[in-house]
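Undergrad: take a look and give me a structure for this.
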Amino acid sequence: MRRRGERGGGGGGGGGDGDNGREEGRTGAARRERGRLAWCPRLRTLLLDLLLIYISVPFLIRLFPVLLTKFVFLNFLAFPFFVDLRRPELLLNNTISLYLPTEPGVTVGIWHTVPGSRGAEAQGKDQRWYEEALADPHPVIIYLHGNGGTRAASHRIQFLKTMGAADFHILALDYRGYGDSSGHPTESGFTTDVLALYDWAKARSGNSSILFWGHSLGTGIATNAARKLQEERGVQVDAVVLESPYTNIREAAAHIPITKIYRQFPGFGYLILDSLALGNMVFPSDENVKVLACPLLILHAEDDTVLPPHLGRKLFETARSAYKDKTKVKFITFPEKLGLGHDYISFNPELPTLVQDFLNMK
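TA: Have a look, this model is predicted:
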């Protein structure tokens, strides 16, 4: 009897343990459920905050269009970081750094790369020698880079190498507010910087040709400067080359990837795109090319995902319709298989030949 009782008692104890286990399981499940429920309000609050920010941004831009300058110019992204712009010889051969005042209170940093054929001669030479070298027969490119970064960005370094090896002088400047240049970026200020550099180069280059070469944002700067030079002074720059261009900054903004999340937003055109002009940013290349008469070469990669090639073609068609001499305007595309995208046309070894053929400099 005692044994049976003991076994019975043991059986009762086992049943109690099972009940306790089930109770603990239910308690744990309830605790986890409460934890999940506790996250719901937090997640809801986060999503509402993000939605509020998303909705607020276009209205803030309309009210304060100056905010757009940060997104358009990106001059605060001074990459590559930790590069001493005063010492280009660490990255390039045949290159020195110089500084040019463009107006009171504004000085811009410039790299001057001499033609590769003069590389051995350039070793150890000072700025005076480089300035005098501009008077040789080689053409001069004033290189106008895109937004973000400095003249030391890798694709810009490659451009200097490629075109320097093809026996061009290259003057690559950082506009006001970029790199080691003083001042604050503005569209009109960029034009002032470019024309000051043009005057400086023209005073030293004798009869050598001077080209404006713009890339991305720099294409609008190039056409602005060329148009002002022609309209206000009656002087034509010897040629303009536009690499990965756009028609105007409004249309460019409608296509760049960063605006994709707002393209279906009610009032996208009014609140964001129209605010560019309110922030004094127009870069009207499509209007500028109607005035120009100098040789104009447009280059675009078919796999450009930043500024689609149809913008370059549209600009070409506008220019060709306006030019009396249609042979002065040319559009060259680079097939997708080359993988040149938005920034790497200068990596194409055929680029110098294409440019020289167009300019009859070969």
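Undergrad: how about the helices of the stretch 251-362 of the chain, start to end?
TA: Here the stretch 251-362 of the chain has its helices, by DSSP state H, counting those that start in this stretch, at 268, 274-278, 285-288, 309-322, 351-359.
Undergrad: what does the fourth one contact?
TA: Right, the one you point to is helix 309-322. Residues from elsewhere that reach helix 309-322, judged by Cβ atoms under 8 Å, 6 or more residues apart in numbering: 242, 244-247, 251-252, 255, 285-286, 289-292, 296, 298-302, 326, 329-331, 333. Where C-beta positions appear, they are placed from N, C-alpha and C, glycine not excepted.
Undergrad: just those residues: which are in strands?
TA: 242, 296, 298-301, 329-331, 333 (DSSP state E).
Undergrad: ok, back up a step: to Ala153, which of the helices of the stretch 251-362 of the chain lies closest?
TA: Within these, the stretch nearest Ala153 is helix 351-359; the backing value is 17.3 Å (Cβ to Cβ).
Undergrad: and that closest one with strand 296-301, angle?
TA: On the basis of axes from the mean of the first three to the mean of the last three Cα atoms, to 10 degrees, helix 351-359 is oriented at 150 degrees to strand 296-301.
Undergrad: what comes up buried for stretch 239-255?
TA: By neighbour count on 16 or more other Cβ atoms under 10 Å, the buried set for stretch 239-255 is 239-255.
Undergrad: what about stretch 282-300, distance to the chain center?
TA: Its chain's C-alpha centre lies 19 Å from the corresponding centre of stretch 282-300 when counted by Cα atoms, centre = their mean, to the nearest Å.
Undergrad: keeping just the C-alphas, turn that stretch into PDB.
TA: What follows is stretch 282-300, C-alpha atoms only, in PDB (Å, rounded to 0.1, in the frame of the first residue of the first chain):
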ATOM      1  CA  VAL A 282      19.200  77.400 -64.300                       C
ATOM      2  CA  PHE A 283      22.300  76.300 -66.300                       C
ATOM      3  CA  PRO A 284      20.300  76.700 -69.600                       C
ATOM      4  CA  SER A 285      22.500  74.800 -72.000                       C
ATOM      5  CA  ASP A 286      19.600  74.300 -74.400                       C
ATOM      6  CA  GLU A 287      19.200  78.100 -74.700                       C
ATOM      7  CA  ASN A 288      23.000  78.800 -74.700                       C
ATOM      8  CA  VAL A 289      23.700  76.500 -77.700                       C
ATOM      9  CA  LYS A 290      21.200  78.400 -79.800                       C
ATOM     10  CA  VAL A 291      23.500  81.400 -79.500                       C
ATOM     11  CA  LEU A 292      26.900  79.700 -79.800                       C
ATOM     12  CA  ALA A 293      28.700  79.500 -83.100                       C
ATOM     13  CA  CYS A 294      32.000  77.700 -82.100                       C
ATOM     14  CA  PRO A 295      32.600  74.000 -82.800                       C
ATOM     15  CA  LEU A 296      30.500  72.000 -80.300                       C
ATOM     16  CA  LEU A 297      31.200  68.300 -79.500                       C
ATOM     17  CA  ILE A 298      28.800  66.300 -77.300                       C
ATOM     18  CA  LEU A 299      29.800  63.000 -75.800                       C
ATOM     19  CA  HIS A 300      27.500  60.600 -74.000                       C
END
